[in-house]
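**Q** After the sequence you'll find the predicted model.
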Amino acid sequence: MAGWIILIAMGGALLLLVMFVVGIYNKLVTLKNRFENAFAQIEVQLKRRYDLIPNLIETVKGYMSHERETLEAVIAARNQALAGLNAASAAPGGAEAMKQLAGAEGALSGALGRLSVVVEQYPDLKANQNMMQLSEELTSTENKVAFSRQAFNDAVTAYNTYKQTFPPVFIAGMVGHGEDASLLEFADSEQIQEAPKVSF
């Protein structure tokens, strides 16, 4: 009789332990899905931004034919950023992917900034209706990227914090959640947090 009581107690303790581990695993999966979904929102906004850039180039090309080098730099930076986004989409939160995307975005922002300086020299272009509309859409998209990036970084922080607490820290690695997710940080984070101003 005493043997049965011990066996039942051990079985109950084992069941509680399994339920505890399953609970931690489910929370890790939930938090990971949240930051991956948050990255998907960044992806939507960045793709929109990348889709607007060829229209911008077409609009300014007629006015700035002798500024070919600047236009080509923007196109090359856009293509590099798109490649960085595709790599990051395959591994949201991966350290190398986030670093590559951040670097590509920095290069694109720099190229767009140089284009903006050149556009300032063309008053007719600045007054062009298409140019004003594209400028407004790019600014709006930049704001959405900044908000989406903040939501992603918040979700990554929640995931990493939970994973590093006791007792999940002992279980996370065993259930496939060993590495921390990486934040998406741009080189000039102060400028990005203020939402870059794209004015042409």
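**A** Perfect, thanks for sending it.
**Q** In the chain, where's the longest helix?
**A** The longest helix of the chain (DSSP state H) is helix 2-61.
**Q** could you give the mean pLDDT of that helix?
**A** Helix 2-61 shows a mean pLDDT of 94.
**Q** counting contacts, what elements does it pack onto?
**A** helix 68-90, helix 95-119, helix 129-164, helix 168-171 (3 or more Cβ pairs under 8 Å, 6 or more residues apart in numbering; DSSP states H and E). Bear in mind the C-beta positions are built from the backbone N, C-alpha and C, glycine included.
**Q** Isn't residue 169 up against residue 160?
**A** No: Residue 169 is not in contact with residue 160 according to Cβ atoms under 8 Å; the separation is 10.9 Å.
**Q** Settle it for me: which of these two has more neighbours?
**A** Taking neighbours as other Cβ atoms under 10 Å, residue 169 and residue 160 compare with residue 160 leading, 18 against 12.
**Q** could you list every residue that touches the residue nearest to residue 169 when sequence neighbours are not counted?
**A** By the measure of Cβ to Cβ, 6 or more residues apart in numbering, the closest residue to residue 169 outside its immediate chain neighbours is residue 163, 6.9 Å from it. Shown in contact with residue 163 (Cβ atoms under 8 Å, 6 or more residues apart in numbering): 28, 31, 169, 172, 177, 180.
**Q** Among those, find me the one that's closest to residue 123.
**A** For those, the minimum distance to residue 123 (Cβ to Cβ) is 50.3 Å, reached by residue 180.
**Q** Kindly provide the distance from the spatially closest residue to the closest one that is not a sequence neighbour to residue 31.
**A** Computed as Cβ to Cβ, 6+ apart, the closest residue to residue 180 that is not its neighbour in sequence is residue 160, at 4.7 Å. Residue 160 sits 9 Å away from residue 31, going by Cβ to Cβ, to the nearest Å.
**Q** List the residues that are in contact with both of these two.
**A** Between them, residue 160 and residue 31 share no contacting residue under Cβ under 8 Å, 6+ apart.
**Q** Let me see the contact set for the closest residue to residue 154 other than its chain neighbours.
**A** Of all residues not flanking residue 154 in the chain, residue 38 sits nearest, at 7.7 Å (Cβ to Cβ, 6+ apart). Taking Cβ under 8 Å, 6+ apart, we find residue 38 in contact with 148, 151, 152, 154, 155, 156.
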